[in-house]
Structures are given as structure tokens and as C-alpha cells.
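> just coords:
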């Protein structure tokens, strides 16, 4: 009788392997489908605009600081290297456009030069970030 009781306890154990498989599959699914917030790497004071519209697909994010420093993907970049960096990022994500976050105190000439370099890199959709009023 004791052997039969011990055998029943062994057979009644719950097998956790299928549950762990499902948990790992769900984890992989959520990691793959997660969207990550892109940051420019620079705190920019954007100008206000009444017609500002939120962009859903941003491929390339460029920031111009108040001292005209340029950041792409949290890295400071020289103006001469903007085109090469944008070409590389555009090749990785051809559907996305470019968004330029220019500080209120940044020079307009630097903004225009960056826009020109982005267009020369093959990106047609360029937006300038602004705060909604």
C-alpha cells in the first residue's frame, strides 16, 4: 500500500516545461514587437507652433543645440559628416523620414545646411520639430 501511495504522489506532479516554453515565446514576441522611443541625445528647447503635427514614423532624428552642435543618435557629429551618417541610417530604414530638432537659439544657417545635407543623402521627407501650442 505504501508503494502505491508513493507512486501516486510522483505521478501527480505538475510538469512546468510547457508553461515555461509559453512564457519564453511570449517574452520573445514582446521584445520583437516593442517600439523604442528615439532620443536625440541633446536637450533642445523647440519653438512653439500652432500647426504642429505628431509624426508616427521617424527614421532619423537630428538635434541642433543652442551652440550649433549637431547630434545624431546621441553622438555629436560634425557638419561635414551629417550626409554620410544620414545615408547609412536611411539605408537601414528607407521608409522613415528625418526629423530635425533645432533649438530656438540655433542659427538658421546651420539648420538650412543640415536640411541640404539630408536631402543630398536621399531623404525626401524632412520635418522640423516644434512644440504644440
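That came through fine. Everything quoted here is computed from the prediction, not taken from an experiment.
> rest of the way, CA atoms for contacts and neighbours
Fine.
> What lies in contact with the host helix or strand of residue 83?
Residue 83 is part of helix 82-92, with elements assigned from DSSP states H and E. For helix 82-92, the external contacting residues (Cα atoms under 8 Å, 6 or more residues apart in numbering) are 59-60, 72, 96, 114, 117-118, 120-123.
> how about the closest residue to residue 76 other than its chain neighbours, what does it touch?
Excluding the flanking residues, the one nearest residue 76 by Cα to Cα, 6 or more residues apart in numbering is residue 70, at 5.7 Å. When contacts are counted by Cα under 8 Å, 6+ apart, residue 70 touches 62-64, 76-79.
> how about the helices of this protein, start to end?
Using DSSP state H, the helices found in the chain span residues 2-11, 17-33, 82-92, 108-120.
> ok now the longest one, how far from the chain's centre?
Using Cα atoms, centre = their mean, to the nearest Å, the distance from the centre of helix 17-33 to the centre of the chain it belongs to is 24 Å.
> ok so, going back, using ChimeraX, define a selection of the buried residues within the contacts of residue 70.
Listed next is the ChimeraX selection for buried residues among the contacts of residue 70, using 16 or more other Cα atoms under 10 Å:
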select :62,63,64,76
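> Turn the contacts of residue 70 into JSON lines, columns for pLDDT and distance to residue 130.
Below are those laid out as JSON lines (pLDDT from 0 to 100; distance: Cα to Cα, whole Å):
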{"residue": "62", "pLDDT": "86", "distance to residue 130": "13"}
{"residue": "63", "pLDDT": "88", "distance to residue 130": "12"}
{"residue": "64", "pLDDT": "88", "distance to residue 130": "13"}
{"residue": "76", "pLDDT": "87", "distance to residue 130": "21"}
{"residue": "77", "pLDDT": "87", "distance to residue 130": "22"}
{"residue": "78", "pLDDT": "88", "distance to residue 130": "23"}
{"residue": "79", "pLDDT": "86", "distance to residue 130": "22"}
